[in-house]
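*Asks:* Coordinates for the following, if possible.
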Amino acid sequence: MTSLIDELLDSVDLSTYGLERTKVNESIGLDDSETELDPQNPNPRGSHGGTEEKDRLDEIIRSFNERFYSGWEEAPEEAKVKYISIAKNLMAHPDFKEKVAQNADKQNSDLALKKIMDEIMLNRRKANVEEYKRYAKDDAYYQGIFDLMKRMIDNPGLMSGT
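*Replies:* Coordinates of the predicted model:
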């Protein structure tokens, strides 16, 4: 395997991808008169123009619910309380601070968070068996709730309103 990688690296001439300097110590003269530039795209896309203030946590949860709970009867406020409860349980776990929050190694931090989350979801299975089954068997749902929890614990200030 290593010989194949070495062979690939030897076959690529990286000097053809570099910048070529044609002049040394050449200065660029700029016009010092006052100038105004038009925007690159006069029709920007994205979220702008709205004066309505939206709660970031509500938006995160709404997005997650639209993806995984469309057609379910759970009210948005119930879902918000549930997710905040799960996130707070994660952060209150004895291993959270050392193995997740203070762990500079992102991969090990994610593995520790997964282990803590598995433990918490297993303990919550009696409250909602269907959710636990989905958590345990549906990879897309698992990844969605894992990402949701990471966003929530990375921004604990979002949960202070409850």
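
*Asks:* any weak-confidence spans in this protein?
*Replies:* Along the chain, the model assigns pLDDT under 70 to residues 1, 12-22, 39, 41-54, 65, 67-76, 160-162.

*Asks:* And the helices in it?
*Replies:* Remark: helices assigned in the chain by DSSP state H are 2-11, 56-68, 76-92, 96, 106-124, 129-137, 139-154.

*Asks:* Residues touching the shortest one, excluding its own?
*Replies:* The one in question is helix 96. 90, 116 (Cβ atoms under 8 Å, 6 or more residues apart in numbering). The way it works is simple: take the backbone N, C-alpha and C, and place the C-beta from them, glycine included.

*Asks:* Out of the helices of the chain, the one nearest residue 33 is which?
*Replies:* The closest of the helices of the chain to residue 33 is helix 56-68. By Cβ to Cβ, the value is 43.5 Å.

*Asks:* so the closest one versus helix 129-137, what angle?
*Replies:* 80 degrees (axes from the mean of the first three to the mean of the last three Cα atoms, to 10 degrees).

*Asks:* Off-centre distance for helix 56-68?
*Replies:* Centroid separation for helix 56-68 versus its chain: 13 Å, with Cα atoms, centre = their mean, to the nearest Å.

*Asks:* Give me the contact list for that helix.
*Replies:* With contact meaning Cβ under 8 Å, 6+ apart, helix 56-68 is reached by 74, 76, 79-80, 83-84, 134, 140-141, 144-145, 148, 151-152, 155, 158-159, 161.

*Asks:* Would you list the buried entries among the residues you listed?
*Replies:* Using 16 or more other Cβ atoms under 10 Å as the burial test, those include 79-80, 83-84, 134, 141, 144-145, 148, 151-152, 158-159 as buried.

*Asks:* So of these, which two are at opposite extremes in space?
*Replies:* Farthest apart among these by Cβ to Cβ are 134 and 158. That separation is 24.0 Å.

*Asks:* hang on, the earlier thing: could the helices of the chain be laid out in JSON lines, adding distance to residue 23?
*Replies:* Formatted as JSON lines, the helices of the chain follow (distance: least, Cβ to Cβ, whole Å):
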{"stretch": "helix 2-11", "distance to residue 23": "32"}
{"stretch": "helix 56-68", "distance to residue 23": "50"}
{"stretch": "helix 76-92", "distance to residue 23": "57"}
{"stretch": "helix 96", "distance to residue 23": "57"}
{"stretch": "helix 106-124", "distance to residue 23": "43"}
{"stretch": "helix 129-137", "distance to residue 23": "62"}
{"stretch": "helix 139-154", "distance to residue 23": "47"}
